[in-house]
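1. quick one, what's the 3D model for this:
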Amino acid sequence: MTDSRASEILDRLRALREGDAPTHGGRVLSYVYDSGRDELDELADAAARLARPLNGLDPTVFPSIAAMERDLIGFTRRMLHGGRSVVGTITSGGTESCLLAVKTARDLWRQAHPEGGRPRLLTATSVHAAFQKAAHLFDLDWDAVPCDVDGSVRAEDLIARMDDDVALVVVSAPAYPSGALEPIAAVAAAAEARGISCHVDSCFGGFVLPWWPGLPTWDFRVRGVTSISADLHKFGYAPKGVSVLLHGGPHARRRQRAQFFATTRWAGYPVVNPTLLGSRSASPLAAAWAITQHLGEQGYAELVGSIRRVALSLRETVDGIPGLSVMGDPVGPAIALVADAAAVPAEQVDPHRLADALTAYGWKIQHQPGVLQSDGVRIPHSAHLTLTPVLEQGLAEFTQALRAASDSVRGKPQADARMLLAGMRALGYGENGRVPGPKAAWRLLRLAGAGKVSADQPMAQLMALIEKLPHPVSEALLSELLARMSDPR
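-> The predicted structure is shown next:
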């Protein structure tokens, strides 16, 4: 390829990237994890380039892969206070780690219950959606225990649902929607007493909470914890996607081996996969390895200190904004903003209106629809903020924008989706499980103002509609929205 042709292609890619939300500088408070240290990006790029030709499918051919995995698993094991009996696997991200934790527990449950039956996955309502996907893919019943209105879950509510059909109970450290640290010690102890596997989902906070002061014990020091997931492409600051899944407790190696797929029953090479993927890029692995080698525990502790200062300052700022509140008592790198229920409606700040307003100031926070739970308690709609070290550098500007955007929407109620909702009901959607097909879903999305999606697209109207629709209908609409985004024109 000529230099001019390569330059033209890269210019086209740069032009496409101009439509993206910024991935550096802390202006997008979800999805991206910026340490604020340019040398980490440079190191990650160089390491990823060196490993680009490798295939993680077979470390016997590429032993450097096994060496890097050993180092990463060892680092994470020490970080989470696991002993020498704790073993692990590098995966393609948090979703794969969660899927494998569920698949492992299901297979072990089936071995212990040869009489058959359908196992149950026990979680709080606030558990990451990856566990719903796991239950769907691996044929478990998902049993979601309702949370309090602040997004927290009580240990006794989870323990009361433990029975012989539970293959796995999951607790979060912390829960992504609210930042709540769930009651891990009590739940894990009860699970161990009943012979139930207990997974701690720390995909989001796993590389933060080990250096966060004043927390109750939540990792492998807790008896009854049998597995933990932690993502290196979040606060490990590696490129996506790379995560660690660790197994501990009695028979940890037997647990991990239940995660594997192996076959010699075909005419090709023997296949042994510890993960769901076969061929795997080694570039994220190499980048994660290089970053952990560079930072070490001291480097991560310094970055966590920055996140904690941001969290404390933001909570103080929100406390001073009339009509706006922090949901619950979050720990670690996330907070959720809600309208202050104690304020009169004319003084309340709707979090979705706030999220839309902030885009005009150059900042993007994440809309989270409210959820009506099985016990009738509604977790209110909120705005999620992922807090990163780089935000400390721009914190004064962000807090000024947060105050100004709050002032601009104070007293405006949640977006009104009643007309669209009435129209959908008139068409029969939601009745007897009826959902719109692709064409109807696309028409409805355009009526809701979601026909074109960009990084600064207002979302309050669509979120209000999603919150009110039956789940199958809202899920059909969102699936159509994502599918249309990548349809060739």
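
2. would you list the phi and psi of A101?
-> Dihedral angles of A101 (phi, psi; degrees, to the nearest 10) stand at phi -60, psi -40.

3. how close does the closest residue to it other than its chain neighbours get to P369?
-> Excluding the flanking residues, the one nearest A101 by Cβ to Cβ, 6 or more residues apart in numbering is H199, at 4.6 Å. In this view, the C-beta of every residue, glycine as well, is placed from N, C-alpha and C. Using Cβ to Cβ, to the nearest Å, H199 is found at 26 Å from P369.

4. my read is V272 is in a helix, agree?
-> No. Counting by DSSP: H, G, I helix; E, B strand; the rest coil, V272 falls outside a helix, being strand.

5. beta partners for it?
-> Under DSSP bridges, the beta-bridge partners of V272 are A262.

6. ok, now how distant is it from A262?
-> 4 Å.

7. which SS state does D20 fall under?
-> D20 ends up coil, using three-state DSSP.

8. tell me how many other residues surround it.
-> Number of residues near D20 (other Cβ atoms under 10 Å) recorded here: 10.

9. S325 against A341, yeah?
-> Yes. Under the criterion of Cβ atoms under 8 Å, S325 is in contact with A341, at a separation of 7.5 Å.

10. those two - which one has more neighbours?
-> Using other Cβ under 10 Å, the more surrounded residue of S325 and A341 is S325, with 23 against 9.

11. spell out the secondary structure type for that one.
-> S325 is classified as strand under three-state DSSP.

12. got the buried residues for the biggest helix by length in the chain?
-> The longest helix of the chain (DSSP state H) is helix 283-319. Under the neighbour-count criterion of 16 or more other Cβ atoms under 10 Å, helix 283-319 has 283-292, 295, 299-300, 303-304, 306-308, 310-311, 313-314, 317-318 buried.

13. stretch 134-143 now?
-> Per 16+ other Cβ under 10 Å, stretch 134-143 contains these buried residues: A134, A135, F138, L140, W142, D143.

14. please flag which of those sit within helices.
-> Per DSSP H, the buried residues of stretch 134-143 map to helices at A134, A135, F138.

15. sec struct for the spatially closest residue to the first one that is not a sequence neighbour, please.
-> Take A134 and drop its neighbours on the chain: the residue closest to it by Cβ to Cβ, 6+ apart is V102, 3.7 Å away. On the three-state scheme (three-state DSSP), V102 is labelled helix.

16. just the pLDDT at V102, thanks.
-> V102 carries a pLDDT value of 98.

17. got it, and G428?
-> pLDDT at G428 comes out at 82.

18. leaving out sequence neighbours, find the closest residue to it.
-> R434 (5.4 Å).

19. how about the buried residues of stretch 134-143 in JSON lines, adding pLDDT and distance to I73?
-> As requested, these are exported to JSON lines (pLDDT from 0 to 100; distance: Cβ to Cβ, whole Å):
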{"residue": "A134", "pLDDT": "98", "distance to I73": "22"}
{"residue": "A135", "pLDDT": "98", "distance to I73": "27"}
{"residue": "F138", "pLDDT": "97", "distance to I73": "24"}
{"residue": "L140", "pLDDT": "98", "distance to I73": "27"}
{"residue": "W142", "pLDDT": "98", "distance to I73": "29"}
{"residue": "D143", "pLDDT": "98", "distance to I73": "31"}
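
20. quick check: the farthest pair among those?
-> Farthest pair in these (Cβ to Cβ) is F138 and D143. Separation: 14.4 Å.

21. circling back to that earlier point, tell me how far the longest helix of the chain lies from the chain's centre.
-> Helix 283-319 sits 17 Å away from the centroid of its parent chain (Cα atoms, centre = their mean, to the nearest Å).

22. so the closest residue to E182 other than its chain neighbours: helix, strand or coil?
-> Among residues not flanking E182 along the chain, V171 sits closest, at 4.3 Å (Cβ to Cβ, 6+ apart). The three-state assignment at V171 reads strand, by three-state DSSP.

23. show me the strands in the stretch 51-200 of the chain, by range?
-> Here the stretch 51-200 of the chain has its strands, by DSSP state E, counting those that start in this stretch, at 87-91, 120-124, 141-145, 166-172, 197-201.

24. show me what the third one is packed up against.
-> Just to be clear, that refers to strand 141-145. If contacts are counted by 3 or more Cβ pairs under 8 Å, 6 or more residues apart in numbering; DSSP states H and E, strand 141-145 sits against strand 120-124, helix 129-138.

25. if we go to 6 Å?
-> strand 120-124 (3 or more Cβ pairs under 6 Å, 6 or more residues apart in numbering; DSSP states H and E).

26. keeping just the C-alphas, turn the strand it packs on into PDB.
-> Extracted in PDB, the C-alpha atoms of strand 120-124 (Å, rounded to 0.1, in the frame of the first residue of the first chain):
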ATOM      1  CA  ARG A 120     -31.200 -21.100  40.100                       C
ATOM      2  CA  LEU A 121     -28.900 -18.100  39.900                       C
ATOM      3  CA  LEU A 122     -29.400 -15.900  43.000                       C
ATOM      4  CA  THR A 123     -28.500 -12.200  42.900                       C
ATOM      5  CA  ALA A 124     -29.700  -8.800  43.900                       C
END
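
27. state the mean pLDDT of that strand.
-> 98.

28. picking up where we left off before, the residue nearest to A101 is in contact with S227, isn't it?
-> Yes. Between H199 and S227 a contact is recorded at 4.7 Å, counting by Cβ atoms under 6 Å.

29. now the common contact residues for those two.
-> Here H199 and S227 have A101 as joint contacts, going by Cβ atoms under 6 Å, 6 or more residues apart in numbering.

30. circling back: gap between the residue nearest to A134 and Q414?
-> 34 Å.

31. among the two, which residue is more densely surrounded?
-> Neighbours were counted for V102 and for Q414 using other Cβ under 10 Å; V102 has more, 27 against 19.

32. ok, now how distant is that one from F138?
-> 6 Å.

33. same thing with G305?
-> 39 Å.

34. can you check G278 too?
-> 18 Å.

35. sorry, back to before: which ones are touching the residue nearest to A101?
-> A101, L168, V170, S227.

36. so for the nearest residue in space to A105 that is not next to it in sequence, what's the pLDDT?
-> Distances taken as Cβ to Cβ, 6+ apart place L168 nearest to A105, at 3.6 Å, with adjacent residues excluded. In the predicted model, L168 carries a pLDDT score of 98.

37. tally of neighbours for L168?
-> Neighbours of L168 using other Cβ under 10 Å come to 28.

38. do the same with the one 5 residues further on
-> When neighbours are counted by other Cβ under 10 Å, A173 registers 27.

39. and for it, nearest residue in space, chain neighbours not counted?
-> S202 (4.3 Å).

40. for D107, same thing?
-> Counting by Cβ to Cβ, 6+ apart, the residue nearest D107 is A258, at 4.6 Å.
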